[in-house]
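> here's a sequence, model it:
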Amino acid sequence: METVFRKAVKDDVPMILKFIKELAEYEKLAHQVQVTGDVLAESLFGSRPYAEVIFAVIDGKEAGFALFFNNFSTSWASREYISKISISYRSTGEEALAGNCSGLLPLLQLRMASEGSNGGC
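Prediction:
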């Protein structure tokens, strides 16, 4: 199985929303999700993006995502990286990927850290 990473684009908003809802369901917080596709599109791809998303793609299917953004610490006078990472078995639609997905979490974390260091974090 080939695993690649790619940055999300505006056309990915429905998939990002799907991952957010799946994560909320897993965390038993689905009833608190209020975000819409329009809000995500503006927040991630508008004139002033507030966050970024990277997908982990296994054999052409998005199997996980990392949503991350910068935050400035006044105490340390430095930027911090904040994230939400989720690996979805359902989004792949294949039981066979379940065993491979557990290895995606550290790979997504490394990729997110790499993106953060490229941005000065």
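
> quick one, helices of the chain?
Counting by DSSP state H, the segments of the chain that form helices are 13-26, 37-45, 98-101, 104-118.

> what comes into contact with stretch 11-30?
Outside of stretch 11-30, the residues within contact range by C-beta atoms under 8 Å, 6 or more residues apart in numbering are 8, 32-33, 35-37, 40-41, 44-45, 53, 55, 62, 64-65, 67, 84, 86, 88, 90-91. C-betas here are computed from N, CA, C, even on glycine.

> list the buried residues of it.
12-13, 15-20, 22-24 (16 or more other C-beta atoms under 10 Å).

> with stretch 56-76 instead?
56-58, 62-69.

> ok, now how distant is the residue lying closest to I85 once chain neighbours are set aside from D38?
Counting by C-beta to C-beta, 6 or more residues apart in numbering, A66 is the residue found nearest to I85 once chain neighbours are left out, at 4.6 Å. In this structure, A66 lies at 22 Å from D38, with C-beta to C-beta, to the nearest Å as the measure.

> low-confidence ranges in the chain?
Along the chain, the model assigns pLDDT under 70 to residues 1, 78-83, 88-121.

> what lines up beside the longest strand along it in the sheet?
For the chain, the longest strand by residue count, based on DSSP state E, is strand 61-73. Strand 61-73 pairs in its sheet with strand 52-58 (antiparallel), strand 78-87 (antiparallel), by DSSP bridges.

> tell me the bridge partners for the residue nearest to I85.
According to DSSP bridges, the residues that bridge with A66 are I54, I85.

> is it true that it touches V53?
Yes: with contact defined as C-beta atoms under 8 Å, A66 and V53 form a contacting pair (6.9 Å).

> list the contacts of the residue nearest to K10 when sequence neighbours are not counted.
Using C-beta to C-beta, 6+ apart and skipping residues adjacent in sequence, the residue nearest K10 is F45, 4.4 Å away. By C-beta under 8 Å, 6+ apart, F45 lies in contact with 9-10, 13.

> for F45, give its distance to I54.
14 Å.

> then A30?
When A30 is compared with I54 (using C-beta to C-beta), they lie 23 Å apart.
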